[in-house]
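> Sharing a model prediction with you, sequence too.
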Amino acid sequence: MSHLPTFADSADQGRLGLVWLKRLWSQWVVGHGARADAVAAWRATKVLLSGLNLGVEEVMRWCGSRASFEEFEDWVLECNGGAIDPLTVTRINAALTGAPPPPAIRERLDAIERLPDVLGPAELGQWHEQGWVVLPNAIDAAACAAAAQVVWDAQGMSPERPEEWGRFGPRQQCVFVQLFRHPALRVARESPRVHKAFAQLWGTADLWMTTDRVGFNPPERSGLQFQGPGIHWDVSLVQPIPLGIQGLLYLSDTTAEQGAFALVPGMHRTIGDWLDSVPSGEHPQHFAARTLTMTPIAGKAGDLVIWHHALPHGPTPNRSDQPRLVQYLKMFPADFGYQPEWL
């Protein structure tokens, strides 16, 4: 007779004083499986990883080693410079138990609410109709240059030595570079201008910023063709698709031919009908690759492209003579919608 694995209780706070962390660690190490609290667990995952400056991919790889919870807590502390701000712990626990944010956090969020809008009526109209918008000058030129240098350093390459671009960097996966923490990357994550843009679209400033990776899309050349991913979604296509907002910050000027980010405008409003048209037995992503055409979005260094996650999207082959460098950004409320069934 088979038995379900035993997971830690979500109220077990461990040494770091965080609810859900030990429960999720035990689930990640043993294996996910279908559970009645899948929505709560996924929300807790997103809040904890964002609050603790952790990337999804690195956590999954780390838990694959099946190390002890005490070792996992040590690693979390290491990723946070040896200590976690008690205010961060309080905010995480409040969000995961349904309590309001602590007063000091509420003051910060209220300050974002009071900022002048960074997206005007035209941009908000485009968001409604097309499902995407660009926030220009999300961070300044110096911050962009510093973040771009971090990507070059992670790749072990230089913008002055194009002969190096014909190989994969040590942390590269497709166009993604598995680098999650660096002071230069925090500038965009902590930008009030970026926060305000997401707050306008979500309708609240009480948002969490993901600790996401960066990207390097080199020019195609002999022996190094475009690695993808192609057109895709980062959300389940089971209807209805809840609101979700993704972002990508250009770290250098990027033309449409330079491996630019691309999407299918407006499809967040028609995706239900489109899914009904997918032939029986064919996966929607394969059908999308055969039938949909994405529009590349060019941008300047410092431009933040924000899109509704119901839009099919992806990078494009780089047919220029310069790489495309980006930083991925996403903000979300703790009670975001989630569809546990995946399609």
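Cool, got the structure. Numbers count the residues shown, from 1 in each chain.
> Could you say which helix or strand holds residue 54?
Assigned by DSSP states H and E, residue 54 belongs to no helix or strand.
> OK, contacts around it?
Contacts for residue 54 (C-beta atoms under 8 Å, 6 or more residues apart in numbering) come out as 48, 76, 79, 180, 211. Quick note: C-beta positions are derived from backbone N, CA and C, even for glycine.
> Narrow these to those in helices?
When those are checked against helices using DSSP state H, the ones located there are 48, 76, 79.
> Can you tell me which of those is closest to residue 291?
Relative to residue 291, the closest of the ones in helices among the contacts of residue 54 is residue 48; by C-beta to C-beta it sits at 38.6 Å.
> circling back to that earlier point, give me the PyMOL select line for the ones in helices among the contacts of residue 54, limited to the buried ones.
Buried residues within the ones in helices among the contacts of residue 54, by 16 or more other C-beta atoms under 10 Å, are selected in PyMOL with:
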select buried, resi 48+76+79
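> Of the ones in helices among the contacts of residue 54, which is the nearest to residue 114?
Lowest distance from residue 114 to these (C-beta to C-beta) belongs to residue 48, with 28.6 Å.
> Check what pLDDT that closest one gets.
Taken from the predicted model, the pLDDT recorded for residue 48 is 97.
> ok, so what distance separates it from residue 210?
Residue 48 is 11 Å from residue 210, where distance means C-beta to C-beta, to the nearest Å.
> from the ones in helices among the contacts of residue 54, which is closest to residue 319?
Of all the ones in helices among the contacts of residue 54, residue 79 has the smallest distance to residue 319: 37.5 Å, by C-beta to C-beta.
> remind me which residues of this protein are low pLDDT?
1-5, 31-36 (pLDDT under 70).
> where do the strands sit along it?
If DSSP state E is used as the criterion, the strands of the chain fall at 132-135, 172-173, 176-177, 208-209, 214-217, 245-250, 262-263, 295-296, 304-308, 313-314, 324-329, 331-332.
> So which other helices or strands are in contact with the third one?
Other helices and strands packing on strand 176-177, by 3 or more C-beta pairs under 8 Å, 6 or more residues apart in numbering; DSSP states H and E, are helix 141-155, strand 214-217.
> Now the shortest one: buried residues?
By that I understand strand 214-217. Going by 16+ other C-beta under 10 Å, strand 214-217 has these buried residues: 214-217.
> before we move on, what about stretch 168-185?
In terms of neighbour count (16+ other C-beta under 10 Å), stretch 168-185 has its buried residues at 169, 171-172, 174-180, 182, 184-185.
> ditto for stretch 153-166
For stretch 153-166, burial by neighbour count (16+ other C-beta under 10 Å) applies to 154-155, 157, 165.
> What of stretch 293-309?
For stretch 293-309, the buried set under the neighbour-count rule, 16+ other C-beta under 10 Å, comprises 294, 296-299, 301-309.
> next one: stretch 261-275
Counting neighbours by 16+ other C-beta under 10 Å, one finds that the buried residues in stretch 261-275 are 261-268, 271, 274.
> What of stretch 6-26?
For stretch 6-26, the buried set under the neighbour-count rule, 16+ other C-beta under 10 Å, comprises 7-8, 10, 14, 16, 18-26.
> ends of it, how far apart?
Separation of the first and last residues of stretch 6-26 by C-alpha to C-alpha, to the nearest Å is 8 Å.
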